[in-house]
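**Student:** fold the following and give me the result.
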Amino acid sequence: MPIRIPDGIEAIPELKKEGIVTIGEERARTQDIRPLKILILNLMPIKKPTEVQLLRLLGDSPLQINVDFARIASRETTHTDRSYLEENYLTFDEIKDRKYDGFIITGAPVEKMAYEEVEYWPEMLKYFEWADTHVFSTLHLCWAAQAGLYRDYGVQKKILPKKFFGVYQYNSTMAYHPLLRGFDDRYFIPVSRHTSIDDEAVDNCPELDVLSRSSNKGINIISDKESRRIFILGHFEYDLGTLSWEYKRDKEKGLPIRLPENYYPYDDPLERPRFVWCSYAHLFYHNWVNFVYQETPYSLDNLMPFDVHNPLHER
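**Tutor:** Prediction:
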């Protein structure tokens, strides 16, 4: 939330430099307030844990937020009851004429496949294109981040020799960015994926800012210049036990999985995992909600389209 202070306070320029939101008396008198509208496209096969994780973070705000959930209709979901989805999840046809302040697209277990080989890629392209004109700010998580970078900027991915799996430290690279306000110089975040992106392509893209990276693990958070497209290659939303559940699941399936790095004390799976990313997760989502609240138009009818000049859009 912004702080209201007299217009003549000399600290205002320094506060703005540091990304602290302030409003003067005139704006405070005329400011209109309404609930934020957020849509979550949940691509995970098992829906309910992801619902809890994201709603927990979005709910940590004094603002009223109206949340809708959407699903992919072009692929049958076998891990979640169909009646539950029909009752609680919207399809693209049901949201295509709606506008939202924020949009969250989750990860999906299809990262080893070429994007065009994913069964529901044509439907994903519909959501991406719709978001260009109907959403103010979009969070892309894990696979969705890779897919969004590919669709918008042509950034390719590559298969890693082994799963990138554990809790890792990254360094903030942009001082006072509104999405990282209050972060330490470094933070921790869970990562669970088999692919990486072309960091050099991101660095060479003038439309993108790298918000955080590791010297040996690469880039973690990317944003366009106006924070309307945000790409997170890890999972702030993960619960304390999510990596443990994934490890046991893969082990039971006989997949080549190792213990998640930097997770169990002494690498002992009988020990309680370290929950070192919890505060950063809440802070990041608080910052995003606050940013959206400050910058989104009061009437979504006045929403300006997001313009990406990329030849991939012509496909």
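**Student:** where does pLDDT dip in the stretch 201-315 of the chain?
**Tutor:** In the predicted model of the stretch 201-315 of the chain, residues 308-315 satisfy pLDDT under 70.
**Student:** quick check: closest non-adjacent residue to the residue nearest the centre of the chain.
**Tutor:** By Cα atoms, centre = their mean, the chain has its centre lying nearest to Leu139, at 3.4 Å. Of all residues beyond its chain neighbours, the one nearest Leu139 is Ile104 (4.7 Å), with distances taken as Cβ to Cβ, 6 or more residues apart in numbering. Bear in mind the C-beta positions are built from the backbone N, C-alpha and C, glycine included.
**Student:** and that neighbour, what element?
**Tutor:** strand 100-105 (DSSP states H and E).
**Student:** would you mind listing the buried residues in whichever helix or strand comes after that strand?
**Tutor:** Per DSSP H and E, the first helix or strand lying C-terminal to strand 100-105 is helix 121-134. Within helix 121-134, the residues that count as buried by 16 or more other Cβ atoms under 10 Å are Trp121, Glu123, Met124, Leu125, Tyr127, Phe128, Trp130, Ala131, Asp132, His134.
**Student:** quick one, the host helix or strand of the residue nearest to the centre of the chain and strand 100-105 angle?
**Tutor:** Assigned by DSSP H and E, Leu139 belongs to strand 135-141. Orientation of strand 135-141 against strand 100-105 (axes from the mean of the first three to the mean of the last three Cα atoms, to 10 degrees) gives an angle of 20 degrees.
**Student:** so Tyr120 touches Arg71, yeah?
**Tutor:** No. Under the criterion of Cβ atoms under 8 Å, Tyr120 is not in contact with Arg71, lying 10.0 Å apart.
**Student:** which residues does stretch 124-136 contact?
**Tutor:** 39, 41, 70, 72, 92, 95-96, 98-103, 105, 118, 138, 147-148, 151-152, 228, 292, 295-297, 300, 303, 305-308, 313 (Cβ atoms under 8 Å, 6 or more residues apart in numbering).
**Student:** need the buried ones from those selected in ChimeraX.
**Tutor:** This is the ChimeraX syntax for the buried subset of the contacts of stretch 124-136, where burial follows 16+ other Cβ under 10 Å:
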select :39,41,70,72,92,95,99,100,101,102,103,105,118,138,147,148,151,152,228,292,296,300,303,306,308
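**Student:** next, the buried residues of the helix ranked longest in the chain.
**Tutor:** Using DSSP state H to define each element, the chain has its longest helix at helix 278-295. Buried residues in helix 278-295, counted by 16+ other Cβ under 10 Å: 280-281, 283-293.
**Student:** CA atoms of that helix as PDB?
**Tutor:** Output of helix 278-295 as PDB, limited to C-alpha atoms (Å, rounded to 0.1, in the frame of the first residue of the first chain):
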ATOM      1  CA  CYS A 278       9.300 -18.500   2.900                       C
ATOM      2  CA  SER A 279       9.800 -14.800   3.800                       C
ATOM      3  CA  TYR A 280      11.000 -14.000   0.300                       C
ATOM      4  CA  ALA A 281       8.000 -15.700  -1.300                       C
ATOM      5  CA  HIS A 282       5.600 -13.600   0.700                       C
ATOM      6  CA  LEU A 283       7.600 -10.500   0.100                       C
ATOM      7  CA  PHE A 284       7.700 -11.100  -3.700                       C
ATOM      8  CA  TYR A 285       4.000 -11.700  -4.100                       C
ATOM      9  CA  HIS A 286       3.200  -8.700  -1.800                       C
ATOM     10  CA  ASN A 287       5.400  -6.500  -4.000                       C
ATOM     11  CA  TRP A 288       3.700  -7.800  -7.200                       C
ATOM     12  CA  VAL A 289       0.200  -7.200  -5.800                       C
ATOM     13  CA  ASN A 290       1.200  -3.800  -4.600                       C
ATOM     14  CA  PHE A 291       2.800  -2.900  -7.900                       C
ATOM     15  CA  VAL A 292      -0.300  -4.000  -9.800                       C
ATOM     16  CA  TYR A 293      -2.600  -2.100  -7.400                       C
ATOM     17  CA  GLN A 294      -0.600   1.100  -8.000                       C
ATOM     18  CA  GLU A 295      -0.200   0.800 -11.800                       C
END
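**Student:** which parts of the stretch 1-150 of the chain are helices?
**Tutor:** Secondary structure of the stretch 1-150 of the chain by DSSP state H, counting those that start in this stretch: the helices cover 12-17, 25-30, 47-58, 82-88, 92-95, 121-134, 143-153.
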